[in-house]
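J.: kindly return the folded structure for what I paste below:
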Amino acid sequence: MSERKRIARTFKMRGLSVQSSALDALLNVLQREREATSSSRNQQHSSSTNDTLFAIIDEVKDRMIQDGRGGNIVTTSLLEEVVAELSRDAKDVTEEAVQMLDAFKMPKLEFDTMRKNFSLDEFGKGKRSLYGEAVDKVDMFSQRYALIQQRILRQDIFQPKLVTATRSGHSSSQSNDGVTHTLTPVESLLGRSGVRYLLGMIVQVEEGKYYLEDHTAQVPLNFSQASLLTDGFVSENSIVLVEGEAIDGVLHVHNMGSPIVENR
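T.: Below you'll find the model as predicted:
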């Protein structure tokens, strides 16, 4: 019996029918397998070829079940996928670890501030360009602020504590770890006194005059008594955590620093 008929019969015994072009491709694969083991004995040749053939058939059947493909015909494209998968080695995995992606096709993650999770931006949602518009800049800063804000709110110091009863019968919102703080939106500074904690971006609205801006409003800053609590530099468009007091419509900064780093 010829090799071609033997292979077709093996597939048929497994309930599969092979296209003629797919059978030609499979013969080439098995021929390369024999050449790769040419230094072994003939019996080992036959055993190795049969193992390869049975492995391909099993993978083809599994792929058909997973993909929900109807029928029992093995096409050339299906066979190419199976052989490519079975031929992968450590070198292929290493090469696939580093990929070059088209910037216009690379997936984009967006943070949903309402649902507090990430969603995948659809490719066809908007035409991508090297030169963004004004709304793209606003969206970039908005996304950056939302990501940092949700990270800050997960810190224990900004987590609201449950009100518990003390021995004296009074309620307390403090825990053994200390007092918690609340982030105040910029628009909520109006009419409020006392030290507040704010998260915002430093912007220069007027020449030489800096403001703290968040998604609600902006307020002028006074750095005359400010202390920088973190290493490095704070520049324009930096998002910072500010401790200060609003007096006559101006936020007098007491302490300022970069957002708290989240441990991984």
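J.: how many other residues sit next to Val60?
T.: Using other CB atoms under 10 Å, Val60 has 23 other residues around it. Where C-beta positions appear, they are placed from N, C-alpha and C, glycine not excepted.
J.: now the helices for the stretch 1-150 of the chain?
T.: For the stretch 1-150 of the chain, the helices defined by DSSP state H, counting those that start in this stretch cover 3-13, 20-36, 42-67, 76-86, 90-97, 134-152.
J.: and the longest one, how far out from the chain middle?
T.: Averaging C-alpha coordinates over helix 42-67 and over its chain gives two centres that are 37 Å apart (CA atoms, centre = their mean, to the nearest Å).
J.: for that helix, enumerate the helices and strands it packs against.
T.: helix 3-13, helix 20-36, helix 76-86 (3 or more CB pairs under 8 Å, 6 or more residues apart in numbering; DSSP states H and E).
J.: could I get those helices as JSON lines with mean neighbour count?
T.: Shown next, in JSON lines, are the helices and strands packed on helix 42-67 (neighbours: other CB atoms under 10 Å):
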{"stretch": "helix 3-13", "mean neighbour count": "14"}
{"stretch": "helix 20-36", "mean neighbour count": "14"}
{"stretch": "helix 76-86", "mean neighbour count": "15"}
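J.: of those, which is nearest Gly191?
T.: Of all these, it is helix 76-86 that lies closest to Gly191, at 66.3 Å by CB to CB.
J.: can you give the distance of the lengthiest strand in the chain from its chain's centre?
T.: Identified as the longest strand of the chain according to DSSP state E is strand 195-206. The chain centre lies 29 Å from the centre of strand 195-206; the measure is CA atoms, centre = their mean.
J.: ok, stretch 143-162 next?
T.: When distances are taken as CA atoms, centre = their mean, stretch 143-162 is centred 19 Å away from the chain's centroid.
J.: quick check: buried residues in that stretch?
T.: 145-149, 152, 158 (16 or more other CB atoms under 10 Å).
J.: also stretch 248-264?
T.: Quick answer for stretch 248-264 (16+ other CB under 10 Å): 251-253, 255-260.
J.: make TSV out of these and add pLDDT.
T.: Formatted as TSV, those follow (pLDDT from 0 to 100):
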residue	pLDDT
Leu251	95
His252	96
Val253	95
Asn255	94
Met256	94
Gly257	91
Ser258	91
Pro259	89
Ile260	85
